[in-house]
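> sequence? don't have it. structure:
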Ligand code: ADP
Ligand code: MG
């Protein structure tokens with residue numbers, strides 16, 4: 001049987017239907033699935049769970065030593081019970097088993113020998129003031145050994161602890177893994193890491209690594225195995241990216257070289273400010289890319305207010321100067337209209353092409369949206385198709401609607417979290433020469449993530465904000481502190497009286513809507529196979545089914561909060577506006593206009609105002625139930641204030657307890673205004689799965705061991721090797737196992753995912 005077939009064998013055939021059925025609940029169906037189900041961490045027989053830390057009602061797995069066992073018959077109820085006492089050396093826990101006949105209990109008694117060590121799993125209960133596990137599942141270390149010597153070795157080995165489910169305890173997984181692993185030979189397990197790379201880096205083979213992580217002799221052994229598997233993940237991912245990059249470089253784009261006497265220099269001459277050195281440097285990078293024949297695929301990241309628009313405009317004008325057209329896409333019509341206004345303002349007469357009194361170099365900027373009247377839309381379509389419009393501004397739908405351009409040379413995508421997947425698909429479907437692409441994002445992506453997830457993208461970063469901007473100060477406000485809250489609404493009043501605007505953001509629209517999950521709950525879900533060594537957390541090995549942390553207090557809603565504010569004595573006579581996604585387009589426009597004009601200076605809203613909304617007089621951002629939002633989302637919300645010379649204030653109202661993960665995230669936000677620093681912090685506080693987004697986590701092929709922040713150097717190394725491999729052998733003909741690992745990793749969903757890069 002060939003290697004690939006061996007690994008693809010269904011577990012039901014190897015382990016039998018019953019065992020396979022349990023493993024299927026964990027999503028494990030083939031031999032390879034099971035072998036790739038790595039231990040979450042390792043226990044050591046010398047390490048005991050601190051009994052004092054066990055709480056009633058928790059599902060736990062504890063490591064402890066058996067002190068005594070006793071079988072008794074129960075006179076009152078009939079039948080028999082076995083009581084065993086286990087200990088961490090100080091406190092004790094009772095294990096209780098019931099049976100009709102004492103004989104049944106003898107089996108347990110013979111295994112639970114005083115002095116032996118084991119893992120015990122169950123729900124902590126209490127009986128007469130004593131904590132106990134009733135009918136726990138358990139594993140006694142060394143009990144399966146053939147002889148005493150083997151038992152001694154067994155007892156000194158690290159014990160793999162698997163991500164488990166209540167129905168399948170960790171040692172049952174371990175036993176299945178060994179059954180599957182034992183008969184395998186090197187031929188059965190093709191190695192995605194090519195032999196020469198393995199030799200060069202002195203790495204163990206895949207089979208050796210699997211043995212080391214699943215059946216380790218020592219701590220050093222599993223660490224070495226884990227490091228190799230981690231490198232393998234990095235290499236597979238980076239080779240996939242390198243191949244894609246190589247393919248993209250095969251496509252020729254039309255070069256759009258800069259002109260000295262064109263619109264770019266005319267714009268520079270009329271800007272009311274000097275470009276910052278960051279804008280200048282990034283502008284040159286982009287300009288160079290546009291000059292080449294390789295289609296540009298660049299991420300322009302810059303914190304909120306960093307001045308990305310003018311950078312994008314200069315890039316678009318370079319393309320217009322070279323005879324092409326540019327499209328600027330925004331996520332919503334409101335933002336598209338806002339972009340249209342800011343471009344018109346920046347361009348002045350340079351945007352009045354074909355009009356009387358326009359500059360002779362002038363071009364035309366055209367807005368194209370779905371809600372336009374049919375006459376305006378027809379005209380806009382005509383200008384795009386004829387080339388009269390040098391710049392077309394619209395929503396992301398613009399390209400998929402099949403709008404015709406005379407010569408589209410550059411697509412700029414603004415504030416999109418999904419990195420233009422649909423746009424690129426739409427462009428590809430047309431079979432034209434690919435335009436250059438520039439994706440702007442204010443959600444900073446740390447270098448390490450850009451490298452892992454968007455490995456074939458170029459990135460440019462505006463690290464410095466334009467001068468003369470006021471800072472925004474952020475405070476965390478405990479929701480249960482009435483005095484603070486009263487002070488908060490008083491402060492709102494003071495701002496309003498000075499002609500300023502205040503946002504109040506709530507996690508949901510009305511009281512019966514579920515609203516977002518708390519971030520902390522998300523972060524706590526799922527395993528962390530990347531967790532370092534044993535001992536970096538409490539030696540209670542696992543918690544399962546923890547539903548106790550949901551707060552009982554309902555989340556703030558726009559409806560209730562607006563009604564509540566209308567009643568606050570501090571806000572008498574202040575008109576309170578409302579804004580959320582379920583309002584009709586006109587109602588949204590009206591609410592926004594009333595807010596901008598100061599008629600309704602307090603706006604209670606959902607996160608619809610998160611991105612791009614620009615009201616210079618807005619100075620205060622209050623976020624209710626702030627722990628419900630992601631860090632980058634909060635940073636975006638905070639970016640809605642402090643947009644002029646007026647200093648901003650951001651108040652994060654929360655019920656999160658000091659010291660909790662949720663609270664730590666809010667404190668991190670309060671401690672810095674640097675979006676990049678925050679994004680790094682966010683990554684540290686999150687699990688990797690969240691970093692890659694919902695579609696990327698939890699699948700069978702998600703990153704298992706690689707940690708995008710901590711493994712930056714490893715990823716860098718893998719990237720270098722991957723590019724070398726692809727350059728020497730683009731089809732990977734000499735590395736079939738690597739090629740099929742990439743295919744397996746990609747899958748249909750994955751294809752899209754890499755498209756983002
Ligand atoms: P963002 O990066 O958030 O999209 P914008 O492009 O909207 O930021 O710029 C924010 C504000 O800063 C705008 O009003 C813009 O005109 C202004 N701005 C941009 N560059 C500079 C600069 N070099 N000096 C001063 N103000 C600038
Ligand atoms: Mg912007």
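Sure thing, it's come through. Quick caveat: nothing in here was measured; it's all calculated off a predicted structure. Numbers count the residues shown, from 1 in each chain. Ligands and ions are numbered 1, 2, ... in the order given.

> Would you mind listing what in the stretch 251-400 of the chain touches ligand 1?
Applying Cβ under 6 Å from any ligand atom, one finds that the stretch 251-400 of the chain approaches ligand 1 through 273, 275, 276, 279, 302, 304, 305, 306, 307, 308, 309, 310. (C-beta placed from N, C-alpha, C; glycine too.)

> switch the cut-off to 5 Å
Contact residues (Cβ under 5 Å from any ligand atom) of the stretch 251-400 of the chain with ligand 1: 273, 276, 302, 304, 305, 306, 307, 308, 309.

> give me the element the last one is part of.
Secondary-structure element containing residue 309, defined by DSSP states H and E: helix 308-321.

> Go ahead and measure how far that helix is from the middle of the chain.
Chain-centre distance of helix 308-321: 31 Å, with Cα atoms, centre = their mean, to the nearest Å.

> Residue 678 against residue 638, yeah?
No: using Cβ atoms under 8 Å, residue 678 is not in contact with residue 638; the gap is 10.0 Å.

> wait, isn't residue 609 in contact with residue 641?
No: look at residue 609 against residue 641 with Cβ under 8 Å: they stay out of range, at 10.7 Å.

> quick one: which of those two has more around it?
Counted by other Cβ atoms under 10 Å, residue 609 and residue 641 do not tie: residue 641 has more neighbours, with 26 against 22.

> number of nearby residues for residue 25?
By other Cβ under 10 Å, 11 other residues sit near residue 25.

> Please apply the same query to residue 404.
By the criterion of other Cβ under 10 Å, residue 404 has 11 neighbours.

> What strand or helix carries it?
For residue 404, there is no helix or strand it lies in under DSSP H and E.

> now residue 470
Using DSSP H and E, residue 470 sits within no helix or strand.

> Find the nearest non-adjacent residue to it, please.
residue 647 (4.0 Å; Cβ to Cβ, 6 or more residues apart in numbering).

> what sits against residue 385?
Counting by Cβ atoms under 8 Å, 6 or more residues apart in numbering, residue 385 touches 403, 404, 405, 406.

> Now do the helix holding residue 309, average pLDDT.
Averaged across helix 308-321, pLDDT comes to 97.

> Return the set of buried residues in the following helix or strand past it.
Moving toward the C-terminus from helix 308-321, the next helix or strand (DSSP H and E) is strand 325-330. Buried residues in strand 325-330, counted by 16 or more other Cβ atoms under 10 Å: 325, 326, 327, 328, 329, 330.

> So what are the sheet partners of strand 325-330 and their directions?
Using DSSP bridges, the strands paired with strand 325-330 are strand 391-395 (parallel), strand 408-414 (parallel).

> quick one, that strand and helix 308-321 angle?
With axes from the mean of the first three to the mean of the last three Cα atoms, to 10 degrees applied, the angle from strand 325-330 to helix 308-321 works out at 160 degrees.

> The residue lying closest to residue 598 once chain neighbours are set aside and residue 595: what is the separation?
Computed as Cβ to Cβ, 6+ apart, the closest residue to residue 598 that is not its neighbour in sequence is residue 499, at 6.4 Å. Residue 499 sits at a distance of 13 Å from residue 595 (criterion: Cβ to Cβ, to the nearest Å).

> who's more crowded, these two?
More crowded of residue 499 and residue 595, by other Cβ under 10 Å: residue 595, with 25 against 11.

> In terms of helix, strand or coil, where does residue 726 fall?
Following DSSP: H, G, I helix; E, B strand; the rest coil, the label given to residue 726 is helix.

> Pretty sure it sits against residue 243.
Yes: between residue 726 and residue 243 a contact is recorded at 5.5 Å, counting by Cβ under 8 Å.

> burial measure for the residue nearest to residue 470, as a count.
Neighbourhood size, residue 647 [other Cβ under 10 Å]: 13.

> How about residue 72?
Around residue 72 there are 11 other residues, counting by other Cβ under 10 Å.

> OK, contacts around it?
Contacts of residue 72 (Cβ under 8 Å, 6+ apart): 80, 81, 82, 83.

> For those, pick the one with the most neighbours.
Greatest neighbour count in the contacts of residue 72, by other Cβ under 10 Å, goes to residue 82: 21 neighbours.

> what's the following helix or strand after whichever strand or helix holds that residue?
Using DSSP H and E, the element containing residue 82 is strand 80-87. Remark: after strand 80-87, the chain's next helix or strand is strand 92-99, criterion DSSP H and E.

> ok, that next one: who's next to it in the sheet?
When sheet partners are counted by DSSP bridges, strand 92-99 sits next to strand 80-87 (antiparallel), strand 130-134 (parallel).

> Next secondary structure after the last one?
Yep, that's strand 130-134 we're talking about. The C-terminal neighbour of strand 130-134 among helices and strands, as given by DSSP H and E, is strand 137-140.

> Rounded mean pLDDT for that next one, please.
80.

> With stretch 205-223 instead?
Stretch 205-223 shows a mean pLDDT of 94.

> which strand in this structure runs the most residues?
Taking DSSP state E as the criterion, the chain has its longest strand at strand 59-73.

> pLDDT of that one, averaged?
Mean predicted lDDT for strand 59-73 stands at 85.

> rewinding a little: joint contacts of residue 678 and residue 638?
In terms of Cβ under 8 Å, 6+ apart, residue 678 and residue 638 are both contacted by the residues residue 669.

> Let me have the contacts of residue 72 in TSV, adding pLDDT and distance to ligand 1 as columns.
TSV is the format used below for the contacts of residue 72 (pLDDT from 0 to 100; distance: Cβ to the nearest ligand atom, whole Å):
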residue	pLDDT	distance to ligand 1
80	89	73
81	91	69
82	93	68
83	93	67
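
> Include distance to residue 434 when you put these into TSV, please.
As requested, those are exported to TSV (distance: Cβ to Cβ, whole Å):
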residue	distance to residue 434
80	77
81	74
82	72
83	73
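
> can you list the strands paired with strand 325-330 in a markdown table and add mean neighbour count?
Shown next, in a markdown table, are those (neighbours: other Cβ atoms under 10 Å):
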| stretch | mean neighbour count |
| --- | --- |
| strand 391-395 | 25 |
| strand 408-414 | 26 |
